[in-house]
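> Below are the sequence and a predicted model for it; my questions follow.
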Amino acid sequence: MRNCHYKEAFKRIPDERKERILEVGIEEFSSKGYENANINVIARKAGISIGLMYKYFSTKEDLFLTCISKGMSILEDALEEILASRDKLLVKAEKLIRATCELSRKNRNYIKLYNEVTAEKNSERATALAREIESQTSRIYITCIAQALASGDVRQDLDPRLFAFFFDNLLTTLQFSFSCEYYRERLKIYTGVDTDGLNDDEIVRQLIKFIESAFTFEK
């Protein structure tokens, strides 16, 4: 697991128990936010004592960061596999959009947790979380777009860093539209249907048209 914040004791327990603790933690933090989440409730629902919980994690924040790392690993593994391929950039983009739809439907609690993180009110923690969550993703996107630029695969007047930022914003909003009530309703207002009523193929087709125009059409 990337960016580990747990004690050695947590690493040694069976995978099934690890998964249960993190699943319950993600559900608690995503539904109540960091401040209102209760580590005692998480321990009880996970079927362990609070003493054992603190044997695994020094603080609630360590548990919180481990839950985030768990969710990050799910998305980053899919991201890295797609972007490491030899496909052209638009083919990679299409695969990323499809993967975003699939993973967002399957991992709604993590997406809700990510949305909670973006609303973090503690400025110091928000800055640290942004660096931890976004640094790896931004590096992969920027490198991928820069390579496409060097190979002549995309328009030559783009800035890889800004385009990476804009592209990630599109995927982030798409993720939230599967899980977070405000974004689900926002999508419904624009399209007339809920995310569950949209066909993933149609989402992919329409978004790739939008992205293609941005990456390939020059003045």
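Arrived safely.

> Scan the protein for its longest helix.
The longest helix of the chain (DSSP state H) is helix 123-150.

> and stretch 36-52, what's its mean pLDDT?
Regarding stretch 36-52, the rounded mean pLDDT is 95.

> And for that stretch, what's in contact with it?
Arg17, Arg20, Ile21, Val24, Gly25, Glu28, Phe29, Lys32, Met53, Lys60, Leu63, Phe64 (C-beta atoms under 8 Å, 6 or more residues apart in numbering). Where C-beta positions appear, they are placed from N, C-alpha and C, glycine not excepted.

> Quick check: next helix or strand after the helix or strand the first one falls within?
Arg17 belongs to helix 15-36 when elements are defined using DSSP states H and E. The element immediately downstream of helix 15-36 (helix or strand, assigned by DSSP H and E) is helix 39-46.

> low-confidence ranges in this structure?
Low-confidence segments of the chain (pLDDT under 70): 1-4, 219.

> Could you list the buried residues of the longest helix of the chain?
129, 132-133, 136-137, 140-142, 144-146, 148-149 (16 or more other C-beta atoms under 10 Å).

> Also stretch 180-194?
Cys180, Tyr183, Arg184, Leu187.

> Narrow these to those in helices?
Of these, the ones assigned to helices by DSSP H are Tyr183, Arg184, Leu187.

> would TSV of the residues you listed with distance to Phe10 be doable?
Shown next, in TSV, are those (distance: C-beta to C-beta, whole Å):
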residue	distance to Phe10
Tyr183	33
Arg184	34
Leu187	38
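
> which one of those sits closest to Arg105?
Arg184 (12.2 Å; C-beta to C-beta).

> Tell me who's in contact with that closest one.
Arg184 makes contact with Ser177, Phe178, Asp194, Thr195 under the criterion C-beta under 8 Å, 6+ apart.

> What sits closest to the third one if chain neighbours are left out?
Nearest residue to Asp194, sequence neighbours excluded (C-beta to C-beta, 6 or more residues apart in numbering): Lys188, at 5.3 Å.
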